[in-house]
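[1] 3D model of this:
(2 chains)
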Number of protein chains: 2
Amino acid sequence: METVPRRGLMLVLSSPSGAGKTTIARRLLDEDAGIAPSISHTTRQKRRGEVDGKDYHFVDKDVFSQMRDHGAFLEWAVVFDNYYGTTRAPVDKALGAGRDVLFDVDWQGAGALRDTAGEDVVSVFILPPSAEALAERLRTRAQDSEEVVSQRMRGASNEIQHWDEYDYVVVNFDVDQSVAAVRAILAAERLKRGRLTGLEAFVQGLLSSL
Amino acid sequence: METVPRRGLMLVLSSPSGAGKTTIARRLLDEDAGIAPSISHTTRQKRRGEVDGKDYHFVDKDVFSQMRDHGAFLEWAVVFDNYYGTTRAPVDKALGAGRDVLFDVDWQGAGALRDTAGEDVVSVFILPPSAEALAERLRTRAQDSEEVVSQRMRGASNEIQHWDEYDYVVVNFDVDQSVAAVRAILAAERLKRGRLTGLEAFVQGLLSSL
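    Down below sits the predicted model:
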């Protein structure tokens, strides 16, 4: 497939827990070789099954603080006493090479990325089809206790209130349709004039041959 | 398929003659019931095979002038002594009902639509893959004389210089890929937050049930 050289983009997905974001993100990553996940640094404990350098870069608080003080992070945040941050260098490298980076972050992370990365960011908010569907999805997650479910239902309300800060909104009535919707957003945003860095040279070549 | 009520959009396609725009537009219209063509008014003579009310609304100069003076047109222009114009009312009606309207116009028409319709406009410029391909496509059009071909090659150069006024640019290396590209742009733009007029009520309903 012939294409014109382009700058990569930062696809930022947010949603309340249980709206289906993780499933959508995984499908996108599996089906599209042009996009890779951003791998955050964190100071929290590694959970069973997690792999250092794949799920997160696990570091201690001293290392994290040093990196932060040296401006290594595009954005960082503290959640339940643990630090989380997105390093700048691998994102810059990917975008420059025309590859896209997927961010699975909450509204605060999305806001911080928008502030530092501006036009490189394409943000999508995923909404559950109904409150009942959200509650049910949270309950069927085997790992979560009832206490966590209640906490997340309260958290969902807070997260949902930020829907109007996003470029696109997808209501997850059906997961296949939602995956197709986010794929279309990605395909379209790759064709935005401002990202097609090779287009000016292409047009000049075309005009000189006419 | 469940959806949230939305405002329609104006999909504006431009390209030099011979870049494949008409084929792409026809395929979009055939495959997607949610979009209909804008039918212009014109004072030019009806050509063989053209149908009044389908290809154009054919009117005389007096009628056209009266309509223009009453502000009936979103945009209008004179090309080779003939008048062409897009009426406002059917477009407003379609957008309000969540239906999209396709415009096949040159860079001047696109500019006029952008000026009057602003955020409702999504503009896509279609480029030929090469000058050779453009010349060949113009030559294989049986209806066009060599004189018209030369004239259009000169016109193409002028049109192409306006590529950087469009939201999206598609290089037509392959017609199937280009149709898919414009379909993705349409699918994505339908999910832009600002067009989802029913979303605020949907979110309020969701929040009140949490």
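[2] show me which residues of stretch A:97-111 are buried.
    By neighbour count on 16 or more other CB atoms under 10 Å in any protein chain shown, the buried set for stretch A:97-111 is A:98-107, A:109-111. In this view, the C-beta of every residue, glycine as well, is placed from N, C-alpha and C.
[3] right, I mislabeled it, should have said stretch A:60-79
    A:64, A:67, A:72-77.
[4] before we move on, back to that, mind putting the buried residues of stretch A:97-111 into CSV with pLDDT and distance to A:Arg7?
    Shown next, in CSV, are the buried residues of stretch A:97-111 (pLDDT from 0 to 100; distance: CB to CB, whole Å):
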residue, pLDDT, distance to A:Arg7
A:Gly98, 96, 7
A:Arg99, 97, 10
A:Asp100, 98, 10
A:Val101, 98, 12
A:Leu102, 97, 16
A:Phe103, 95, 16
A:Asp104, 91, 21
A:Val105, 90, 21
A:Asp106, 91, 26
A:Trp107, 94, 25
A:Gly109, 92, 21
A:Ala110, 95, 20
A:Gly111, 95, 22
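[5] so what's the backbone phi/psi at the residue most central in space within chain A?
    Nearest to the mean C-alpha position of chain A, counting by CA atoms, centre = their mean, stands A:Phe103 at 1.8 Å. Main-chain torsions, A:Phe103, degrees, to the nearest 10: phi -120, psi 130.
[6] A:Met10 too?
    A:Met10 adopts backbone torsions of phi -110, psi 110, taken as degrees, to the nearest 10.
[7] and for it, the neighbour number?
    By other CB atoms under 10 Å in any protein chain shown, 23 other residues sit near A:Met10.
[8] list the buried residues of stretch A:181-200.
    Going by 16+ other CB under 10 Å, stretch A:181-200 has these buried residues: A:181-193, A:195-196, A:199.
[9] likewise stretch A:14-30?
    For stretch A:14-30, by 16+ other CB under 10 Å, it's A:14-21, A:24-25, A:27-28.
[10] next: stretch A:28-46.
    For stretch A:28-46, using 16+ other CB under 10 Å, the buried residues are A:28, A:35, A:37-43.
[11] now it - C-alpha only, PDB.
    C-alpha atoms of stretch A:28-46 as PDB (Å, rounded to 0.1, in the frame of the first residue of the first chain):
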ATOM      1  CA  LEU A  28      -6.900  -2.200  18.100                       C
ATOM      2  CA  LEU A  29      -3.400  -3.200  19.100                       C
ATOM      3  CA  ASP A  30      -3.800  -6.800  17.800                       C
ATOM      4  CA  GLU A  31      -5.300  -5.800  14.500                       C
ATOM      5  CA  ASP A  32      -3.100  -2.800  13.600                       C
ATOM      6  CA  ALA A  33       0.700  -3.000  13.300                       C
ATOM      7  CA  GLY A  34       0.900   0.800  13.000                       C
ATOM      8  CA  ILE A  35       0.000   1.500  16.600                       C
ATOM      9  CA  ALA A  36       1.700   0.400  19.800                       C
ATOM     10  CA  PRO A  37       0.800   1.000  23.500                       C
ATOM     11  CA  SER A  38       2.500   3.600  25.600                       C
ATOM     12  CA  ILE A  39       4.200   1.800  28.500                       C
ATOM     13  CA  SER A  40       4.100   3.800  31.700                       C
ATOM     14  CA  HIS A  41       6.600   4.000  34.500                       C
ATOM     15  CA  THR A  42       5.100   3.200  37.900                       C
ATOM     16  CA  THR A  43       6.200   2.900  41.500                       C
ATOM     17  CA  ARG A  44       3.400   0.500  42.400                       C
ATOM     18  CA  GLN A  45       4.000  -3.200  43.100                       C
ATOM     19  CA  LYS A  46       4.000  -5.600  40.200                       C
END
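[12] what bits of chain A have low per-residue confidence?
    A:1, A:141-144 (pLDDT under 70).
[13] quick one: the helices in chain A?
    A:21-31, A:61-69, A:88-96, A:107-117, A:131-139, A:146-160, A:175-189, A:199-209 (DSSP state H).
[14] so which of those gets nearest B:Asp92?
    Across the helices of chain A, B:Asp92 has its closest neighbour in helix A:175-189 (25.1 Å, CB to CB).
[15] hmm, who's touching the closest one?
    Outside of helix A:175-189, the residues within contact range by CB atoms under 8 Å, 6 or more residues apart in numbering or on different chains are A:9, A:11, A:13, A:20, A:23-24, A:27-28, A:31-32, A:35, A:100, A:122, A:124, A:126, A:168, A:170, A:172, A:195, B:1, B:168, B:180-181, B:183-185, B:187-189, B:191.
[16] same thing but at 7 Å, please
    Residues from elsewhere that reach helix A:175-189 (CB atoms under 7 Å, 6 or more residues apart in numbering or on different chains): A:9, A:11, A:20, A:23-24, A:27-28, A:35, A:100, A:122, A:124, A:126, A:168, A:170, A:172, B:1, B:168, B:181, B:184-185, B:187-188, B:191.
[17] can you check stretch A:106-125 too?
    Residues contacting stretch A:106-125 (CB under 7 Å, 6+ apart): A:9-15, A:74-75, A:77, A:95, A:103, A:105, A:159, A:162-163, A:165-170, A:182, A:185, A:189, A:194.
[18] go on, stretch A:77-93?
    A:10, A:38, A:40-44, A:61, A:64, A:68, A:72-76, A:101, A:108-109.
[19] that stretch: how far from the chain's middle?
    Relative to its chain's centre, stretch A:77-93 lies at 12 Å (CA atoms, centre = their mean, to the nearest Å).
[20] alpha carbons of that stretch, as CSV, please.
    Extracted C-alpha coordinates of stretch A:77-93, given in CSV (Å, rounded to 0.1, in the frame of the first residue of the first chain):
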residue,chain,number,x,y,z
ALA,A,77,0.3,11.6,38.4
VAL,A,78,-0.1,10.1,41.9
VAL,A,79,-2.9,7.6,42.3
PHE,A,80,-3.4,5.9,45.8
ASP,A,81,0.2,6.9,46.8
ASN,A,82,1.7,5.3,43.7
TYR,A,83,3.4,7.3,40.9
TYR,A,84,2.6,6.8,37.3
GLY,A,85,4.3,8.6,34.3
THR,A,86,4.7,8.5,30.6
THR,A,87,8.2,9.1,29.3
ARG,A,88,8.7,11.6,26.5
ALA,A,89,11.5,10.0,24.5
PRO,A,90,9.9,6.8,23.1
VAL,A,91,6.7,8.8,22.2
ASP,A,92,8.8,11.4,20.3
LYS,A,93,10.7,8.6,18.5
